[in-house]
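Engineer: this one's structure only:
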């Protein structure tokens, strides 16, 4: 199928063609006709599948027909709610790109910066609003938002909004919108709370699921290093230096851990930066731009902050800390091997993380290559013989029994 087969307006087709898009991805091919038909939609798709265009393009088509060349005051007709500032910026840029040959306008709002420029633009009127939950509710309480004319509501990265504690905010936001709206919900995973949210706010939704979360890209080479926990930083430096790695995205489980990895690399003259929720919006954007421009060779990120990183040619992803939820591993390594490019995903596994690695292997069903030719291996016995079960800890530290159990149950049985 070609984009020109999707019955889109010529102005959108022109913008899409200029971006080099000829064939829609599976999530786009299946979702766009459903959205154009006005149906509610539940989309389950992992990172890098073209999810943003799957809702942005049909929304622009619909609004372009509704608004046309009207000179009337603009009103918010599409609202996209997403958990992080980086994602909001990325989505806003996509709307600007696909709508550049229409008269539609969009505004992206998020916290951590002055609200005054955002309020000024809202007063002038916009057609499309992309927002993080906190800033959206804050401006609504102050009387700067009118959602009475909303046509389409998009809840993007719903599972991450759950993890970040935004679900109650999302419920408040949905109740502020008209009941006859079209609602689109996109999520990489479908935990029970997200299913309940869908049942509560969507009307007879169509369901689209592509690239199952258990699948990893075929063009991503996966490697695992069994390493002493205290030697992970040394192994990271060893690989970067000896294999001349650059443009590397490193995943840390915690913000504090990300900062410590950066400090250790800088001491050895490796240009590195961290990106996580404790940094200001300006600082995060500056770091991200520097990484995209290859001014910084290593970017260390937490999972939530990394959701806003969209780089087509990212050659290396390193799991400095293994995730305690197997699906998260798939999302992480999906950052590389995009747009037909190859990539390498490297995982460090310490003794206490070995149960995580076994869960990951059960999910992905791939025989990942074990690299033993390095100086920081476990000192005694095989991984199976010496693995220790991780202790329970809080969300940021990983491995809470009940959550891990729930994740396993969800993995065994899809809900649709």
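Structural biologist: That came in fine, so what should we check first? Computed from a predicted model, the values in this text were never measured in an experiment. Numbering: from 1, shown residues only.
Engineer: Report all helices and strands that the helix ranked longest in the chain contacts.
Structural biologist: Assignment by DSSP state H gives helix 51-67 as the longest helix of the chain. Helix 51-67 sits against helix 10-18, helix 26-36, strand 41-44, strand 78-81, helix 85-98, strand 128-131, strand 152-155, strand 182-187, with contacts defined as 3 or more CB pairs under 8 Å, 6 or more residues apart in numbering; DSSP states H and E. Bear in mind the C-beta positions are built from the backbone N, C-alpha and C, glycine included.
Engineer: quick one: that helix to strand 182-187, angle?
Structural biologist: Angle of helix 51-67 versus strand 182-187, following axes from the mean of the first three to the mean of the last three CA atoms, to 10 degrees, is 170 degrees.
Engineer: Helix 51-67: which residues count as buried?
Structural biologist: 51-64, 67 (16 or more other CB atoms under 10 Å).
Engineer: Now do it, average pLDDT.
Structural biologist: For helix 51-67, the mean pLDDT works out to 92.
Engineer: next one: that helix to chain centre, how far?
Structural biologist: 20 Å (CA atoms, centre = their mean, to the nearest Å).
Engineer: pLDDT weak spots in the chain?
Structural biologist: In the predicted model, the chain carries pLDDT under 70 at residues 46-48, 68-72, 211-217, 281, 304-310, 312, 338-340, 379-416.
Engineer: Would you confirm that residue 282 contacts residue 110?
Structural biologist: No - shown here, residue 282 and residue 110 do not form a contact pair, counting by CB atoms under 8 Å, at 11.7 Å.
Engineer: how deep is residue 125 tucked in, by neighbour count?
Structural biologist: 14 (other CB atoms under 10 Å).
Engineer: what's the nearest residue to it if we skip its chain neighbours?
Structural biologist: Spatially, and ignoring its direct neighbours in sequence, residue 125 is nearest to residue 74 (3.2 Å; CB to CB, 6 or more residues apart in numbering).
Engineer: so what's that neighbour up against?
Structural biologist: 67, 105, 124-127 (CB atoms under 8 Å, 6 or more residues apart in numbering).
Engineer: would you list every one of the strands in the stretch 101-250 of the chain?
Structural biologist: 106-109, 128-131, 152-155, 182-187, 206-209, 220-226, 248-251 (DSSP state E, counting those that start in this stretch).
Engineer: Paired strands for the longest one, with orientation please.
Structural biologist: Spelled out, it's strand 220-226. Applying DSSP bridges, strand 220-226 is found paired with strand 343-349 (parallel), strand 369-370 (parallel).
Engineer: repeat for the last one
Structural biologist: Partner strands and pairing direction for strand 248-251 (DSSP bridges) are strand 298-301 (parallel), strand 316-319 (parallel).
Engineer: and if you look at the third one?
Structural biologist: The pairing partners recorded for strand 152-155 under DSSP bridges are strand 78-81 (parallel), strand 182-187 (parallel).
Engineer: how about the helices in the stretch 101-250 of the chain?
Structural biologist: 116-124, 133-141, 158-163, 167-175, 192-201, 232-242 (DSSP state H, counting those that start in this stretch).
Engineer: ok, residue 5 - how many residues close by?
Structural biologist: For residue 5, using other CB under 10 Å, the count is 11.
Engineer: picking that back up, and residue 282 and residue 110? which has more neighbours close in?
Structural biologist: Shown here are residue 282 and residue 110; by other CB under 10 Å, residue 110 has more neighbours (23 against 10).
Engineer: Residue 57: what's it in contact with?
Structural biologist: Contacts of residue 57 by CB under 8 Å, 6+ apart are 8, 12, 16, 28, 32, 98.
Engineer: Tell me which two of these sit farthest apart.
Structural biologist: Maximum pairwise distance among those (CB to CB): 12.5 Å, between 12 and 28.
Engineer: quick check: domain ranges of the chain?
Structural biologist: As given by automatic domain parsing, the domain ranges for the chain are 3-209, 220-410.
Engineer: circling back to that earlier point, kindly provide the distance from the residue nearest to residue 125 to residue 127.
Structural biologist: 5 Å (CB to CB, to the nearest Å).
Engineer: shared neighbours, those two?
Structural biologist: With CB under 8 Å, 6+ apart, residue 74 and residue 127 have common neighbours 67, 105.
Engineer: which other residues reach stretch 154-171?
Structural biologist: 51-52, 55, 59, 78-84, 87, 91, 133-134, 137, 174, 183-191, 193-194, 197, 200, 304, 307, 395.
Engineer: tell me which of the contacts of residue 57 is nearest to residue 319?
Structural biologist: residue 28 (28.9 Å).
Engineer: which one is the closest one nearest to, not counting chain neighbours?
Structural biologist: residue 54 (4.5 Å).
Engineer: quick one, what contacts that neighbour?
Structural biologist: So residue 54 contacts 25, 27-28, 31-32, 35, 43, 45, 186 (CB under 8 Å, 6+ apart).
Engineer: what about the closest residue to residue 302 other than its chain neighbours, how many residues close to it?
Structural biologist: Leaving out its chain neighbours, the residue that sits closest to residue 302 by CB to CB, 6+ apart is residue 276, at 4.5 Å. By other CB under 10 Å, the residues close to residue 276 number 21.
Engineer: Quick check: residue 276 touching residue 288?
Structural biologist: No - Residue 276 is beyond contact range of residue 288, at 11.8 Å (criterion: CB under 8 Å).
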